[in-house]
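Student: sequence and computational prediction follow.
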Amino acid sequence: MTTATSSPARRRSDWFKENRNRFTTLAILVFLLLAAMSGVERDDWFSTIMQGLSVGAITFLVASGLSLIFGLMDVLNLAHGELFMLGAYVGWTVYTRFDTVVDILVPLLILSAPFTLLPLWRRLAAAIGSTPLGRRWAGLGLLAAGATTTFVSVTRFPLVIWDPGNFAMSPSNFSVQIDLGTLAPLPPDTFGWPAVIAILATLLGGSLLALGFNVLRSQIDERTVVTRKHLLGFGVLIVTAIVLLAVKEPLNEWVFGLSTTWRFFLAMVVSVAVGSAAGALIEVALIRPLYDRPIYQLMMTLGVGFILIELVREVWGRPEFTMSRPAAFNGTGPGCPGEGLGGFFSGCSTLEAFGSRLRVYNEGFVILAGIVVLIGVTLLLKRTRIGMIIRAGVQDPEMVEALGINVRRVFTMVFALGSGLAAFGGVLAAPSIGLGTGMGAVFLLSAIVALAIGGLTSFPGAAAGAVLVGLLQQIIIRYGQSGINLPFLDEPFKPSPTLVPAAAILLMIVVLLVLPAGLFGRSER
Amino acid sequence: MTTVRDGTTLQSSVRRWLHHRRGLLIATGLMVLFPFVVSLVVDGQGISAVFANDEGNARFLQGLAIEIFILALYALSYDLILGVTGLLSFGHAMFFAVGAYTFGIMLKTAELAWPTALLVVLAVAILQALLFGVVLPRVKGIAFALITLGIASMFWIVIQSSDLSDYAGAEIGLQGIPAPARFLDSTNERFVFYLITLAILVMVYMLYTRIADSPLGKVANAIRDNEDRALMLGFNTFWFKLVVLVIASITAALAGTIHTIHQPIVTPNVASLGYTVTALLVILIGGVGTISGAIVGAAVFRLLQYYLDRWFGGSSDLLIGAAYVLLVLYLPYGIVGTWRVKRLQIADGRKRLAALFRS
């Protein structure tokens, strides 16, 4: 042997040595899963695994965004669970009460229209105040005036709203009605002010807000001009709002006549859009000023999460409620449950496969959606230019910036993408787990555990970790029903369902202690 | 006259100490007088009403003040970990809750006398700090935050599971804890308990400022600013971090113990992530790493919470969340921190103002 390093045998043993911890962890994991599986009845294996994959798919949707955001910009977004929750609530609203969405969309579009005329506000802002302190007070004053005007004028629009305190108008009652097929649009409200005045006042509010934000910005840029593109954006928003206002009633009739399956797809699209927009807004307005103070970013996301929970409580009420499954996954009657994989398309709510009974929505559609997202995001990361920039940014953001790429814009895009994925997870999870303000915290914890197991910055690691966490939780639930034989205990230990998340956390602690960088992560040097 | 050091007598060093601590002494004195003043001015009752434990604003405000003292103790311990040493722990609520639950269970189920129960709490507090300490050399930064979050979440899950409902009372919480002693009774002897809590807070505060100024505190600061450099200078940072964790754990457990005596019921909420966030919020308001900021922050936070709750009812949490976001954005050094930064400017301005009047 001339050179030790070139020998294949030596290289293999080196590789083995380097990855020793990884193998140990994997062996522990496999052993744990097998040990747990041995306690589950053989007939339940398939359904337990599928349920685990279903929970894993939803956890993955939360964890994937968390992983992308943390990998690229080192922000552990603790508001991610609340974005998941927001997605579920927005999805429910579009699915069940589409009329309220149209109502709120009109003032929102008008309000956002002035923001398209950015150059105008920048030029105006440059003329206001000369000292930094003066600019700050002027900006805050403008913002306060804008917020007041906006609040007063937006509440003058006809907003039909449900009332959690009154059962006939409560979200849970609407969920029952949509199941029975008796849901109808609410009676239309009227403008509190003449329509033109309300619209103009909202425009004024939006303008004041836009100006205020630009006064508070530290950079002064006088060279920008309003081009035709800006005016076009402004016009499109205003015209859309007015058209919506005009066709509101026929539109509502049409949507309420649609099958619930179509409405569910509409709900998915809208909640992903709202989630992405919320994420982008949070990043630009709140996270971006804090990039040089990482701990404060963490605290900021915590605060944002609390605010989102409280907002949801204010709007949708504290009581938990359910969301019905779309019609395509809710069939009963003759021919149900469907047989085998063909049963997936039979429209039945359950199907029989491999001796287990599965719910088509929970154990079929959700897993399918998770796989589609996994493939889609993987393709985005590996095959597109933006994916290449993201992957490079995960490794070294400064270098990417030095190469002339606007990393800040990529940050915002990734934050929006991650939030959109979380919102998608929320709307997917809502029909199976219902809606409550605690759902975000539960899935955030699972997602963090999944991320820590898989390696914080690794996207495949997030997927693997999420599946592991989902499987482990479901297996423990199933195993716990028959009782676990623990040493030093006479009777088999039957954990209550509330104890189940502890198993996943225990797994995380063990994995992190053996492999601080997780299964797929790189160790930080 | 005893000579303490060259040229300094005991008398003069006492005088210097009194001068150095004058702010603390005045504040303590005011807090001792506070119930009497409220009783006289607001309630229109006599001074004896305070000793007689009569109903009224004085008694109620003493209760609120005790809550502030508890929160301040808890936040002090978090400031030692986060502000002084720079360890981002998301499991701090567990330190508090372990103290609260252990003391309660020891009194109620094990029926121990309070000094013994207190010793058990001390032992458990040290043990859990060692548990957190085990992971210290392996993980740093975010991974440490996640592990501590994980350990604390497990504790939170276990404490509110129905499997332990005989001991910890599941989701409802631990209730029906007997008063440990005649003078440790917040309901019947509130003024005495108020004084005891105040004394504990003052002593812990003095201890903490002493720690922050000691070599231990300086090394902790060095770990916060640059751990690698501290290691290179020859400090075994692991032991310093472990000692800090043990001190903080004991303090937080002490706060939890007082909480158990003061409140009729210990809910699992005190073990949740939300309670860690409360500590974070308190030292954020007061100023991270400024020891005294924890006390200022606790007072501001609790009073704000109380009055917002009274004025706005259900939506007060929303306002607290908004206040939190605004604080992070616009007052990153907190009240005490900003005061320290601007103190020289303010003093300068005052001098110029005085000069203006003199001429």
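Tutor: All right, it came through fine.
Student: pLDDT weak spots in the stretch 201-350 of chain A?
Tutor: A:218-223, A:332-347 (pLDDT under 70).
Student: what parts of it come near chain B?
Tutor: Neighbours of chain B within the stretch 201-350 of chain A, by C-beta under 8 Å from any C-beta of the partner chain: A:286, A:289-290, A:293, A:295-296, A:298-300, A:302-304, A:306-307, A:310-311, A:313-314. Where you see a C-beta, it was placed from the backbone N, CA and C, and this is true even at glycine.
Student: from the residues you listed, list the buried ones, please.
Tutor: A:286, A:289-290, A:295-296, A:298-300, A:302-304, A:306-307, A:310-311, A:313 (16 or more other C-beta atoms under 10 Å in any protein chain shown).
Student: which of those residues fall in helices?
Tutor: Judged by DSSP state H, those include A:295-296, A:298-300, A:302-304, A:306-307, A:310-311, A:313 as members of helices.
Student: quick check: the farthest pair among the residues you listed?
Tutor: The largest separation in those, counting by C-beta to C-beta, is between A:295 and A:313 at 27.6 Å.
Student: which is the next helix or strand following the helix or strand of chain A with the lowest mean pLDDT?
Tutor: None of the helices or strands of chain A scores lower by mean pLDDT, DSSP states H and E than strand A:338-339, at a mean of 66. Per DSSP states H and E, strand A:338-339 leads on to strand A:350-353 as the next helix or strand towards the C-terminus.
Student: remind me what that next one packs against, helices and strands.
Tutor: strand A:338-339, strand A:356-359 (3 or more C-beta pairs under 8 Å, 6 or more residues apart in numbering or on different chains; DSSP states H and E).
Student: at 10 Å instead, please
Tutor: helix A:45-73, strand A:338-339, strand A:356-359 (3 or more C-beta pairs under 10 Å, 6 or more residues apart in numbering or on different chains; DSSP states H and E).
Student: check the gap between the spatially most central residue of chain A and residue B:290 for me.
Tutor: Nearest residue to the geometric centre of chain A (C-alpha atoms, centre = their mean): residue A:422, 1.7 Å. Per C-beta to C-beta, to the nearest Å, residue A:422 is found 36 Å from residue B:290.
Student: and the residue of the stretch 1-150 of chain B nearest chain A?
Tutor: Nearest residue of the stretch 1-150 of chain B to chain A, counting by C-beta to the nearest C-beta: residue B:150, 4.5 Å away.
Student: surely that residue and residue B:89 touch.
Tutor: No: the criterion here is C-beta atoms under 10 Å, and residue B:150 misses it with residue B:89 at 11.4 Å.
Student: wait, residue B:295 touches residue B:334, no?
Tutor: No: Residue B:295 is beyond contact range of residue B:334, at 11.8 Å (criterion: C-beta under 10 Å).
Student: and the stretch 151-300 of chain B, which residues reach chain A?
Tutor: B:151-158, B:160-165, B:170-171, B:272-274, B:276-277, B:280-281, B:284, B:288 (C-beta under 10 Å from any C-beta of the partner chain).
Student: and residue B:181, what does it touch?
Tutor: B:113-115, B:189, B:261 (C-beta atoms under 10 Å, 6 or more residues apart in numbering or on different chains).
Student: cutoff 8 Å now
Tutor: Taking C-beta atoms under 8 Å, 6 or more residues apart in numbering or on different chains, we find residue B:181 in contact with residue B:114.
Student: tell me the secondary structure for it?
Tutor: Here residue B:181 is recorded as coil under DSSP: H, G, I helix; E, B strand; the rest coil.
Student: re earlier: go through the helices and strands packed on strand A:350-353 and pick out the most buried.
Tutor: helix A:45-73 (a mean of 26; mean count of other C-beta atoms under 10 Å in any protein chain shown).
Student: centre of the chain to that helix, how far?
Tutor: 12 Å (C-alpha atoms, centre = their mean, to the nearest Å).
Student: report the contact partners of the residue of the stretch 51-200 of chain A found nearest chain B.
Tutor: Of all residues in the stretch 51-200 of chain A, residue A:76 sits closest to chain B, with a separation of 5.9 Å (C-beta to the nearest C-beta). The contact partners of residue A:76, taken as C-beta under 8 Å, 6+ apart, are A:66, A:70, A:298, A:301, A:448, B:142, B:145.
Student: try it again at 7 Å.
Tutor: A:70, A:298, B:142 (C-beta atoms under 7 Å, 6 or more residues apart in numbering or on different chains).
Student: ok, so what distance separates it from residue B:289?
Tutor: With C-beta to C-beta as the criterion, residue A:76 and residue B:289 are 21 Å apart.
Student: residue B:40 now?
Tutor: Counting by C-beta to C-beta - residue B:40 and residue B:289 are separated by 39 Å.
Student: who's more crowded, those two?
Tutor: Higher neighbour count among residue B:40 and residue B:289: residue B:289, with 23 against 15, using other C-beta atoms under 10 Å in any protein chain shown.
Student: what is the neighbour count of the residue nearest to the more buried one when sequence neighbours are not counted?
Tutor: For residue B:289, ignoring the flanking residues on the chain, the nearest one in space by C-beta to C-beta, 6 or more residues apart in numbering or on different chains is residue B:83 at 3.2 Å. Other residues within reach of residue B:83 by the criterion other C-beta under 10 Å amount to 27.
Student: in three-state terms, label residue B:83 for me.
Tutor: Quick answer, by three-state DSSP: residue B:83 is helix.
Student: run through chain B and note the low-pLDDT ranges.
Tutor: B:1-8, B:314-316, B:359.
Student: residue B:193 touches residue B:180, doesn't it?
Tutor: No: using C-beta atoms under 7 Å, residue B:193 is not in contact with residue B:180; the gap is 10.7 Å.
Student: so which helix or strand takes in residue A:133?
Tutor: Residue A:133 belongs to helix A:132-154, assigned by DSSP H and E.
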